[in-house]
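Engineer: Predicted model and sequence follow; I will ask about them next.
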Amino acid sequence: MFWNWLTTIWFAGWVIPVVMLFIVPVNRKPSSATAWLMLLFLLPWLGLAIFLLLGNPKLSRRRRDEQRKMSELIGKVVAEARTHPESAAILAPAIPARDEPFVNLNANLSSLPAIGGNAVELLPEYNSVFARIAQDIDQAQHFVHVEYFTTSRDEETECVFAALERAAGRGVRVRMLMDHLGSRKYPNFKAMRERLTAAGIEHHLALPLHFFGARYTRIDLRNHRKIVVIDGQIGYTGSENLIKRNYFRKDAIYYDELVARIAGPAVSELEAAFATDWYSECGVLLTRQSAPEVAIELKAAGEVLCQVLPSGSGFEDENNLKLFTSLIHAARQRLVITNPYFVPDDALMTAMTSAAQRGVDVTLVNSEVSDQFLVSHAERSYYEDLLKAGVKVYQYGAPVLLHSKHITVDDDIAVIGSSNLDIRSFQLNLEVTLICYGESVVRDLRKVEASNLLRSKPVDLGEWEARSLK
């Protein structure tokens, strides 16, 4: 009997790699498929177990179907709204020829069009963001929707929670989503949720952790979005979570961020991203019928052309990666990329180095300190190739970690969002990105970039090579 079992296990050890040879490469990048197959051939049983747990970078079929359903619904709503004279000019604005390819790309990926008539304000001061959000919540009349990867009620975020409680107390409908893994590790998580319930605030965990059974969820598939929507007229998005500036760390590190405050019709696209996640987590579709308070009137508040691009493992494509590589390839004069976690894939790395080699002024702003040792080591391994290609690399000064995620392309495209430049953000995490077309937001973002560079040190190629040899 023992030898029969041993023979079966040995035989299966040969069968597993052969069978997986036909399964693994399907809809998978060659580099990823090669890595999985190497593991399966070297350690068949262990490799199979890991593949079953982590091999599929997508959300469950149910959630992907929900995302597809929401994208189709959004497309129908946009098409119908374009037939009304009062919204046609906003939903079908004049688009500069230079920007049209990106507008079309993003619309095809997410069903969300470019929308005119917006005002965009950049907020680089950490705690002033919370104060500004609280002020806007205090003016809410119909609804407030809040979604964060990390949510913590502490001395710095208290003003936002107090404003949410005041809003709920006067009859405003308040809904809140927080990523389970991103929030549960911080102090008073349970007490925070109990207080939200007591205040009449609807709240749900995004991508709640389940380790067994049919509801099993991968621990590395997270909702990394940061969204606030107030009455459908004011919205916030960017890199900043709802937590105190040092994240309760014991070391000296604290964080600098960038958040965009949007007023105008483009807020409806942030609301669409929130509504999709709300539907996925609790099965409630926020429509005029089920939630009449969320009916949004498209009212112009400025002149900026904006577009929101949600991305993540609920989509068939890597939406944010396609956007970023397309923008980099299109740059002609100047490209500035600010991101705390830079672990690019081959396509993004090639786009950046080739841009520099064809004469574009390419700058990458990273941080001198990091809160993730392995990521820090990985991202620094790319510096030498970037510097040799002519990319300027700057490190933001310690002990502050520049956690902002933004890009400027020439003088007419600004990108602000939650997405890191790594495989997790491209393939796994749910992210949201705001694209602003036109010179006005780029000018404002250039000022933020200039301020960041004053606090940064350039990385010299010779010194970096000498450092690598020590």
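Structural biologist: Nice, I can see it.
Engineer: residues in contact with residue 334?
Structural biologist: For residue 334, the contact set (Cβ atoms under 8 Å, 6 or more residues apart in numbering) comprises 360, 361, 362, 363, 408, 409, 410, 411. In this view, the C-beta of every residue, glycine as well, is placed from N, C-alpha and C.
Engineer: does residue 386 sit in a helix or strand, and which one?
Structural biologist: helix 383-389 (DSSP states H and E).
Engineer: Stretch 450-468 - what's its average pLDDT?
Structural biologist: Average pLDDT, stretch 450-468: 90.
Engineer: what comes up buried for that stretch?
Structural biologist: Neighbour-count burial for stretch 450-468, counted by 16 or more other Cβ atoms under 10 Å, picks out 452, 453, 456, 459, 464.
Engineer: Just give me the neighbour total for residue 366.
Structural biologist: By other Cβ atoms under 10 Å, the residues close to residue 366 number 25.
Engineer: follow-up on the earlier one: format the contacts of residue 334 as JSON lines; extra columns: secondary structure.
Structural biologist: Formatted as JSON lines, the contacts of residue 334 follow (DSSP: H, G, I helix; E, B strand; the rest coil):
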{"residue": "360", "secondary structure": "coil"}
{"residue": "361", "secondary structure": "strand"}
{"residue": "362", "secondary structure": "strand"}
{"residue": "363", "secondary structure": "strand"}
{"residue": "408", "secondary structure": "strand"}
{"residue": "409", "secondary structure": "strand"}
{"residue": "410", "secondary structure": "coil"}
{"residue": "411", "secondary structure": "coil"}
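Engineer: Counting neighbours, which of those end up buried?
Structural biologist: By neighbour count, with 16+ other Cβ under 10 Å, those hold 360, 362, 363, 408, 409, 410 as buried.
Engineer: Go ahead and confirm the third one touches residue 339.
Structural biologist: No - counting by Cβ atoms under 8 Å, residue 363 stays clear of residue 339, with 11.6 Å between them.
Engineer: still on that earlier bit, how about the helix holding residue 386, which residues are buried there?
Structural biologist: Neighbour-count burial for helix 383-389 [16+ other Cβ under 10 Å]: 383, 386, 387, 389.
Engineer: how about those residues, which pair is most distant?
Structural biologist: 383 and 389 (10.9 Å; Cβ to Cβ).
Engineer: List the contacts of the closest residue to residue 387 other than its chain neighbours.
Structural biologist: Distance criterion Cβ to Cβ, 6 or more residues apart in numbering; nearest residue to residue 387, sequence neighbours excluded, is residue 461 at 4.2 Å. Taking Cβ under 8 Å, 6+ apart as the contact definition, residue 461 lies against 384, 387, 388.
Engineer: Residue 166 now?
Structural biologist: Contacts of residue 166 by Cβ under 8 Å, 6+ apart are 137, 138.
Engineer: how's this structure carved up into domains?
Structural biologist: Per automatic domain parsing, the structural domains of the chain span 2-54, 61-106+114-306, 319-469.
Engineer: Tell me which of those lies nearest to residue 312.
Structural biologist: Of all those, domain 319-469 sits nearest to residue 312, with 3.5 Å by Cβ to Cβ.
Engineer: distance between that closest one and the chain's centre?
Structural biologist: From the chain centre to the centre of domain 319-469 is a distance of 15 Å (Cα atoms, centre = their mean, to the nearest Å).
Engineer: Kindly report the same for stretch 318-335.
Structural biologist: Per Cα atoms, centre = their mean, the centroid offset for stretch 318-335 relative to its chain is 16 Å.
Engineer: Ok, stretch 131-141 next?
Structural biologist: 24 Å.
Engineer: For it, list every residue counted as buried.
Structural biologist: Across stretch 131-141, burial judged by 16+ other Cβ under 10 Å covers 132, 133, 134, 136, 137, 138, 140.
Engineer: next one: stretch 269-287
Structural biologist: 269-281, 285-286.
Engineer: List the ones among those that fall in helices.
Structural biologist: Residues of the buried residues of stretch 269-287 located in helices (DSSP state H): 269-281.
Engineer: Look up the closest residue to residue 343, ignoring the ones flanking it.
Structural biologist: residue 422 (4.0 Å).
Engineer: residues contacting that neighbour?
Structural biologist: Applying Cβ under 8 Å, 6+ apart, the residues near residue 422 are 341, 342, 343, 344, 375.
Engineer: Among those, which one has the most neighbours?
Structural biologist: With neighbours taken as other Cβ under 10 Å, the top of the contacts of residue 422 is residue 342, carrying 26 neighbours.
Engineer: how close does residue 404 get to residue 259?
Structural biologist: Counting by Cβ to Cβ, to the nearest Å, the separation of residue 404 from residue 259 is 9 Å.
Engineer: Let me fix that, I meant to ask about residue 320.
Structural biologist: 18 Å.
Engineer: what's the answer for residue 347, then?
Structural biologist: Residue 347 is 28 Å from residue 259, by Cβ to Cβ.
Engineer: Would you map the strands across the stretch 151-300 of the chain?
Structural biologist: 173-179, 202-206, 227-230, 234-238, 254-256, 259-263 (DSSP state E, counting those that start in this stretch).
Engineer: circling back: can you list the strands that whatever helix or strand comes next after the helix holding residue 386 pairs with?
Structural biologist: Counting by DSSP H and E, the next helix or strand C-terminal to helix 383-389 is strand 392-396. Strand pairing for strand 392-396, using DSSP bridges, gives strand 361-367 (parallel), strand 456-458 (antiparallel).
Engineer: any weak-confidence spans in the stretch 351-470 of the chain?
Structural biologist: Along the stretch 351-470 of the chain, segments meeting pLDDT under 70 span 468-470.
Engineer: that older thread, using JSON lines, please lay out the domains of the chain together with distance to residue 313.
Structural biologist: Formatted as JSON lines, the domains of the chain follow (distance: least, Cβ to Cβ, whole Å):
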{"stretch": "domain 2-54", "distance to residue 313": "12"}
{"stretch": "domain 61-106+114-306", "distance to residue 313": "6"}
{"stretch": "domain 319-469", "distance to residue 313": "5"}
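Engineer: Relative to residue 407, how far out is residue 165?
Structural biologist: Distance from residue 165 to residue 407, by Cβ to Cβ: 37 Å.
Engineer: How about residue 450?
Structural biologist: For residue 450, the distance to residue 407 - Cβ to Cβ - is 15 Å.
Engineer: swap in residue 360?
Structural biologist: 13 Å.
Engineer: re earlier: which one of the domains of the chain has the poorest average confidence?
Structural biologist: Lowest mean pLDDT within these: domain 2-54, at a mean of 57.
Engineer: What ranges does the stretch 301-450 of the chain have for its helices?
Structural biologist: For the stretch 301-450 of the chain, applying DSSP state H, counting those that start in this stretch gives helices covering 319-330, 346-357, 373-380, 383-389, 423, 439-454.
Engineer: tell me the contacts of residue 167?
Structural biologist: Residue 167 is in contact with 137, 138, 140, 144, 174, counting by Cβ under 8 Å, 6+ apart.
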